[in-house]
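Chemist: missing the sequence, but the structure's below:
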């Protein structure tokens, strides 16, 4: 007999991925690694949205629309974040977050 | 344990393992490659959720776009970390924050009355309905157009910010 995967397993996977991303944001000094960790966190959120869309309301499109909007925002965030990394690297020759002091008075 | 559950556990372990490698690896370029592996694992989980469209979008946007962009940024900024400083800071307190956040989240998830199985078999016209809803003024036309405009503005802004001065 086929036993389906409970919804809570997907949510736990999403929570675990999100927390790995939180650890990456807090522990890394490299700006590029911090952007990668943020992408992991956004992916965890989209995983939750898709799982809810499948388990709660498979006949409607709200969950997937949300997921697509989050995808577009994540792509924009990655493009702008990495452009900032390259601009800062040109100006300061570093991508370590605690060495950036361009905006300090 | 059914086959579906074992498959899910295998993909989840792969995704999580790759994600942990991303945040703990010393070499940034290897971390970018592990990030691609983690995105592949999530695409596989979308296939288990019977959402092949989302799996395809994950492959195109995240692996084809975001991960490749990250890898290029790593290559462009080579030798960027000054050698005398460690790549990690506050490892213990960050791990404490992440683990306690996970404990709170998992406790909340396990408290909630969640369905054990999908509500009904997957809807055949789901993808067509999604496409219609995205161009329907009574559906999600406004958010769709707003997010497209935002993406265009952000990409032009990114070109402006990263240009050669």
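Modeler: Structure's in. What do you need? The model shown is predicted, which means the values in this text are computed figures rather than measured ones. Numbers count the residues shown, from 1 in each chain, chains lettered A, B, ... in the order given.
Chemist: ok, residue B:61 to residue B:6 distance?
Modeler: Applying Cβ to Cβ, to the nearest Å, the value for residue B:61 to residue B:6 is 29 Å. Heads up, the C-betas are built off the backbone N, CA and C, glycines and all.
Chemist: neighbour-wise, which of the two wins?
Modeler: Per other Cβ atoms under 10 Å in any protein chain shown, whichever of residue B:61 and residue B:6 has more neighbours is residue B:61, with 18 against 11.
Chemist: return the backbone torsion pair for the more buried one.
Modeler: For residue B:61, the backbone dihedrals are phi -80, psi -50 (criterion: degrees, to the nearest 10).
Chemist: by mean pLDDT, point me to the weakest helix or strand of chain A.
Modeler: None of the helices or strands of chain A scores lower by mean pLDDT, DSSP states H and E than helix A:62-92, at a mean of 88.
Chemist: is that one positioned near chain B?
Modeler: Yes. With Cβ under 8 Å from any Cβ of the partner chain as the measure, helix A:62-92 is seen reaching chain B through A:64-65, A:67-69, A:71-76, A:78-80, A:82-87, A:89-90.
Chemist: what about the helices in chain B?
Modeler: Using DSSP state H, the helices found in chain B span residues B:3-24, B:28-48, B:52-57, B:68-76, B:91-111, B:126-134, B:141-161.
Chemist: point out the most buried one among the ones you listed.
Modeler: helix B:28-48 (a mean of 21; mean count of other Cβ atoms under 10 Å in any protein chain shown).
Chemist: for it, what is the distance to the chain centroid?
Modeler: 8 Å (Cα atoms, centre = their mean, to the nearest Å).
Chemist: residue B:8 reaches residue A:6, doesn't it?
Modeler: No. The criterion here is Cβ atoms under 8 Å, and residue B:8 misses it with residue A:6 at 9.7 Å.
Chemist: for stretch A:53-73, measure first residue to last.
Modeler: Stretch A:53-73 has an end-to-end distance of 19 Å (Cα to Cα, to the nearest Å).
Chemist: could you list the buried residues of that stretch?
Modeler: Neighbour-count burial for stretch A:53-73 flags A:53-55, A:58, A:61-72 (criterion: 16 or more other Cβ atoms under 10 Å in any protein chain shown).
Chemist: distance of residue A:101 from residue A:26?
Modeler: 20 Å.
Chemist: out of those two, which sits in the busier spot?
Modeler: Set residue A:101 next to residue A:26 and count neighbours by other Cβ under 10 Å: residue A:26 wins out with 20 against 8.
Chemist: and that one, its phi and psi?
Modeler: Torsion angles, degrees, to the nearest 10, at residue A:26: phi -80, psi -40.
Chemist: pull up the gap between it and residue B:42, please.
Modeler: Going from residue A:26 to residue B:42 by Cβ to Cβ gives 22 Å.
Chemist: just residue A:47 next, same as before
Modeler: From residue A:47 across to residue B:42, the span is 6 Å (Cβ to Cβ).
Chemist: so what sits against both of these two?
Modeler: Common contacts of residue A:47 and residue B:42, defined by Cβ atoms under 8 Å, 6 or more residues apart in numbering or on different chains, comprise residue A:17.
Chemist: many thanks, I have nothing further to ask.
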